Structures are given as C-alpha cells and as structure tokens.
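A.B. asks: Have a look at this fold, sequence not included:
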Ligand SMILES: Nc1ncnc2c1ncn2[C@@H]1O[C@H](COP(=O)(O)OP(=O)(O)OP(=O)(O)O)[C@@H](O)[C@H]1O
C-alpha cells in the first residue's frame, strides 16, 4: 500500500505547462479526430453539418431581430390605415413585419431541432468511440509482458489510460462545439466590425483574465488527479477487498472491516480536501473574472446607447450591436475556455495514447523458426541467470540442466528456491538475463510466442477461478475448442474433474464462483481438478503443473498424478510439488536452493545420496509415521 496520505509531498506541479507543451498536447487531438472518424464516418459528417447550421443561427436571429425593431419603429411613425387591426391587415402594411416574425419563429424552432439532433449524434458517436477505445486498450494490455503487470508503475499507467478511455467523451463535444463557436464568432465579428470596429478591441480585456485563470486551474486539476493515481488505485483495491466473496471470510474473521473503512475514509478525505481547495480557488477567481467581464460589457453598452441617442444608430442597431457584443463576449470566452479545456483534456489524452506506446519486450522474431514437433532432445537451460525487474538479487543463476523429451521432471525446493521462475523462463513469460533456454537446440527467442504457448500446457499454483460455467472453466485451456464437448469431457475425466461436475446441479452448465446469480463455489481441491483439466484441453507436447495440487487430499493427489504419469507417457512434463509421494513418481528430480541446482537424480539415487533431498524426504516421512 502507498504511504498514508499527508506523508506524500504536496501534489502541485513544479512549473506550469509552457505554451509550447500545451501545443504539443494538441498534436494528440489530431489522433483523436482520426479515431473518431474511423469510429463512424457518417455520424462524424452528420455532426459537422449540424454544427455548421447551428453556427449560423445566432447572427441570423440578431439580424432579424434588428429588422423587426426597425420596422416596428417605422410603423409607429406612419399614419394608421384605420383604427382596427383588420384595417392594418387589409392594407398590407403589416406584411413585412409578419414575414420577419415568421422567419424568427422558424429560426427558433430550427435551432431546437438542430441542437437535439446534435446531442443525439454526439452521444452515439461518443459511446461508440469509448467502446472502441476500451476494446483497443484491452487488446493492447493483452500484448504486454508479464513484467508490466507485475510493476506498480505500469498498473498506474494502465489505470490512468482506463479512466481516459471511458472518460474522454466530453472532449468530443467540446472539440466540435469549438468549431461551431468559431464560425459563429466570425459572422458576429464581421457584423460588429462594420458598425463599430473598436468595440472588438474591448473584448480581450473582458475575457482574457478568465481564460488565463482557467488554464492554470485545469493544469492544477490534472496534476492532482495524476498525482493521486496510486491512492485512487488503493481506494479501488480497498473497495474490492472490502466487498468480494473471495475476501469476505478473512475480512470478517480477522475483523478487518473497521480497519478498511477507516483507511478508505482517510484516503478519500485527503483527496477530497485537495480537490475542494482547488475548487474553492477556482470559484473565487472565477467570480472576480466574471465581474471584469460584466463591467467591460456595460462600458460597451453605455457607448452604444449614447451613440443611439446621438442619432448615429437606429434602435434596431442598438439591439443588434448590444446583442452581438454580449454574444461575442460569451463566445470568445467559450472558445478560449474551450481551448484551455481541450488543452487540459489533451493532457489526459497523453495518458491514454502513451499507454498504447508501451511496447512489449517479449515478442516473436520477424521470421520465427518452426516449433520442433515432435520434441527430440527436449529443453536445455544453458548457464541461465535471471533477476526480476527492479530487484538486485538473482532469482536463478548459473542454471544448467536438461529436460529430456519424454521425461517427467520434478522440481523440488523450499519456498523461493526458484521453481516457478524456471517455469516462467520455459514459457517465455520472461527472458533470461544471462545464458539461454533452448528447445531441441533452438533458442526460445527464435520461436513464435504463439507456438510456444500452444505447445506448452501450464497450470500455476495461483490459477484463475473463472466466474464462468464449469464447461468454460475447462474450455479456457483451449478456447478454440469451446464447442468440442468430447474433448472437454475427456479433459475432465483425465483430471478427475468429471466427479466434481457430476455433483453440480446443472453439470457442465453450472455457473461457478459466487460472483453471479446461481453461481456455485467449489472446494479448493475441486477447483484444482477443474483447473488441471485445462492443461489436458491443451493437448500440448509439454505439460507443466506448478503445484496446482496443494489443496488436493493425499489420495486425490496420488490419483491425479498416477493418471498424469499414464497420460504423460511419451510427453514431456514438469511437476512442482512439496509432496514427496508425488515427486518420487518423476523420472528425475532437481533439488533447487537459492536459484541453483543442489542435487539431481531419481528418488532412489537422491535418498541414497543422503543430502538435502534425503533430509527433506525423511522429515516428511517421519510426519506420517
Ligand atoms: N514478480 C517477482 N518480482 C520480484 N521477485 C520475485 C518475483 N517473483 C518471485 N520473486 C523472487 O524470486 C525468487 C524465486 O521465486 P519463485 O517464485 O521462483 O520461487 P518458488 O521456488 O516457486 O517458491 P514457492 O515454493 O514458494 O512457490 C524468490 O526470492 C522470490 O521472492
């Protein structure tokens, strides 16, 4: 867990982003627009067209408004055609003003329809885009190395990218809205420019302070959010362990509820305090800047009123100009704030896109050699040394041994001796830092990763208990054979999972785990039998069982391994177990200590040797006497 809040330095950026850096962030917008275009070209076109129409509406409204007022002023000065409305109507004097009113009505109704259509198109487009991003993110994460998933830094980056994939929908509307506002501004500014060009100069005084303030606060908010990623992940984690079937037992019995609640509360409170501090500052400065803007508007308004009194402008002009100035002021602010918002959001976009830039280090070569089938010599470790990332100690070092084709090899050793690490190296979840691992003389790095994984069936001690049906829990071993009932049946039989499934009310269709409705949990040993069936589903040349049998009772484990031995006939296999009754069945045993081989031989040879193996075997055997 991270340090308790308060002990981390304050989450403020050391320097504000330079204009150049902000522009750099805009580069990412191009990428976003291309993605949006690919999401749905027709919807993207529809959105642009609707906004174009929407952009022209304000100037049209103001102009028609001006014409109406001028016409009303004109009509109020002429001699009435008669006392009644009918006289006015019959004389045709009202035709012009009525036409103008109808045009204004059409503009109001039209913009409402346009806005609704725009919202609809945008929301569909954002959802499609956000789904696509989530899919891309999952696909990319699946390609990354195990090392990435085992590092807190990458977890933070993944978490930030995940948030962005789902949370950047607003950006789309802001971005398109910007384009719309720019067009509106251009039309209004042209109008204003014709009447009173210097009014335009007043505009920047009005909106600039607000824009600068907003830029600063957006950056602050981004830094806060970025800074607190580890805590947010921890909050998620506490929420998770506080409320899942897997953890409920232990949390209850250890009475950890209060501990978790108080930790959650403290963490959430720190984040809350920081966020409100920024929000308060933002509200304060926002009010000041808004006041500056209002004062500027009234200065301009006062000027227009005076020019109208002096007879330079008509009443219609007065309405048009003050309306234009007000709208322009609002729009300029909206554009520049939009700009800062887009800049702020593009900082977040960087989190998303930079995740896609993380490249896996363990990849297939451009022209892989064919995977040796059938295996002739087997697997060889040649002077292999490996350190986990960010650690100083060697997990294994100077390791040389052969796993001959057709042989069952057992790895024995105390906790942390390096057994699982060997499995990770054989399966290329990691590459050695020294030496090499070969299959039939070919370096693993020269083979295709897909082929390596297809030819090796591994079940780890921490296999996954999928909240899927019993059938799918086995089928995941070879998901392409999900529909192959015979194969699933056979795998279940070989791993003894058939007995477990027979007891389930819905058999293979039984939902397992407690996460979903009608889910049925299994005992530890039952889960293991189901998991081992996955290795048989694979029908691989090399099978590795990394202690997935620890929860099986002694009889079941003996039975599972007797079958395993029978089925592994002709197949190469590695088993890791702390039970000597199992280990002794192997053709050869490697005894590991501190990442190196201490002894090697058959059970009988090692017992006769009287070394560590004999000692450990004796210790376990004594326990049964
Ligand atoms: N992801 C990791 N990051 C850093 N160090 C690790 C990691 N996984 C294992 N280690 C370290 O590497 C060494 C070998 O671990 P390994 O998991 O291979 O042991 P093992 O023999 O399988 O142990 P066990 O019997 O407990 O499963 C240990 O010192 C362990 O602490």
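C.D. replies: Structure's in. What do you need? Bear in mind that the values here come from a model prediction, so they are computed numbers and not experimental data.
A.B. asks: Could you look up the SS state of residue 562?
C.D. replies: What DSSP: H, G, I helix; E, B strand; the rest coil gives for residue 562 is helix.
A.B. asks: Please give me every residue in contact with the residue lying closest to it once chain neighbours are set aside.
C.D. replies: Ranked by CB to CB, 6 or more residues apart in numbering and with sequence neighbours excluded, the top spatial neighbour of residue 562 is residue 585, at 7.6 Å. All C-beta atoms are positioned from the backbone trio N, CA, C, and that covers glycine. Counting by CB atoms under 8 Å, 6 or more residues apart in numbering, residue 585 touches 408, 410, 561, 562, 565.
A.B. asks: likewise residue 325?
C.D. replies: 192, 199, 203, 297, 300, 301, 304.
A.B. asks: List just the nearest of the residues you listed to the ligand.
C.D. replies: residue 203 (59.1 Å; CB to the nearest ligand atom).
A.B. asks: The contacts of residue 585: which two are farthest apart?
C.D. replies: Pairwise distances across the contacts of residue 585 (CB to CB) peak at 14.5 Å, for the pair 410 and 562.
A.B. asks: Just the residues contacting stretch 234-244, thanks.
C.D. replies: Stretch 234-244 is touched from outside by 1-2, 159, 247, 251, 257, 260-261, 263-264, 267-268, 271, 515, with contacts defined as CB under 8 Å, 6+ apart.
A.B. asks: pLDDT averaged over stretch 247-260, what's the number?
C.D. replies: Regarding stretch 247-260, the rounded mean pLDDT is 77.
A.B. asks: meant to ask about stretch 504-517, not that
C.D. replies: On average, stretch 504-517 scores 87.
A.B. asks: If we go by neighbour counts, what in that stretch is buried?
C.D. replies: Buried residues in stretch 504-517, defined by neighbour count with 16 or more other CB atoms under 10 Å: 504, 508, 510, 511, 512, 513.
A.B. asks: ditto for stretch 408-419
C.D. replies: Buried, per 16+ other CB under 10 Å, within stretch 408-419: 408, 409, 410, 411, 412, 413, 417, 418, 419.
A.B. asks: Filter those residues down to just the ones in strands.
C.D. replies: The strands, defined by DSSP state E, take in 408, 409, 410, 411, 412, 413 from the buried residues of stretch 408-419.
A.B. asks: any chance of those residues in TSV, with pLDDT too?
C.D. replies: Shown next, in TSV, are these (pLDDT from 0 to 100):
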residue	pLDDT
408	90
409	93
410	93
411	94
412	92
413	90
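A.B. asks: ok, those residues vs residue 44, which is closest?
C.D. replies: Distance to residue 44, by CB to CB, is smallest for residue 411 among these, at 56.8 Å.
A.B. asks: Bridge partners for the closest one, pull those for me.
C.D. replies: residue 576, residue 590 (DSSP bridges).
A.B. asks: And the residue of the stretch 151-300 of the chain found nearest the ligand, how far from residue 372?
C.D. replies: Per CB to the nearest ligand atom, residue 151 is where the stretch 151-300 of the chain lies closest to the ligand, at 8.9 Å. Using CB to CB, to the nearest Å, we find residue 151 at a distance of 33 Å from residue 372.
A.B. asks: can you give me the strands for this structure?
C.D. replies: Using DSSP E, strands in the chain cover 378-386, 396-404, 408-413, 434-439, 442-443, 456-459, 542-546, 572-576, 588-593, 596-601.
A.B. asks: So for the residue of the stretch 151-300 of the chain closest to the ligand, what's the nearest residue that isn't a sequence neighbour?
C.D. replies: Residue 151 sits nearest to residue 389 (CB to CB, 6+ apart), 6.5 Å away.
A.B. asks: tell me the contacts of that neighbour?
C.D. replies: 147, 150, 151.
A.B. asks: most residues in a single helix of the protein, which one?
C.D. replies: Scanning the chain for the longest helix, with DSSP state H as the assignment, gives helix 257-309.
A.B. asks: In terms of secondary structure, what does it contact?
C.D. replies: helix 197-227, helix 229-242, helix 315-357 (3 or more CB pairs under 8 Å, 6 or more residues apart in numbering; DSSP states H and E).
A.B. asks: So which of those helices is the most surrounded?
C.D. replies: Highest mean neighbour count of those: helix 315-357, a mean of 20 (counted as mean count of other CB atoms under 10 Å).
A.B. asks: That one to helix 197-227, inter-axis angle?
C.D. replies: 30 degrees (axes from the mean of the first three to the mean of the last three CA atoms, to 10 degrees).
A.B. asks: Tell me how far residue 329 lies from residue 311.
C.D. replies: Separation of residue 329 from residue 311 (CB to CB): 26 Å.
A.B. asks: swap that for residue 408, please
C.D. replies: According to CB to CB, residue 408 and residue 311 sit 106 Å apart.
A.B. asks: got the contact list for residue 497?
C.D. replies: Contacts of residue 497 (CB under 8 Å, 6+ apart): 470, 474, 491, 526, 529, 530, 532, 533.
A.B. asks: can you list the domain ranges for this protein.
C.D. replies: 19-357, 378-624 (automatic domain parsing).
A.B. asks: What residues are bridge-paired with residue 512?
C.D. replies: Bridge pairing for residue 512 - DSSP bridges - gives residue 520.
A.B. asks: May I ask you to confirm that it is in contact with residue 465?
C.D. replies: Yes - with contact defined as CB atoms under 8 Å, residue 512 counts as touching residue 465 (7.1 Å).
A.B. asks: anything in contact with each of these two?
C.D. replies: Joint contacts of residue 512 and residue 465 (CB under 8 Å, 6+ apart) are 473, 522.
A.B. asks: chain center to stretch 560-577, what's the gap?
C.D. replies: Its chain's C-alpha centre and that of stretch 560-577 lie 40 Å apart, by CA atoms, centre = their mean, to the nearest Å.
A.B. asks: can you list the residues that contact that stretch?
C.D. replies: Under CB under 8 Å, 6+ apart, the answer for stretch 560-577 is 375, 378-379, 403-412, 419-420, 422-423, 426, 461, 494-496, 529, 532, 536, 541-547, 549-550, 552, 557, 582-583, 585-586.
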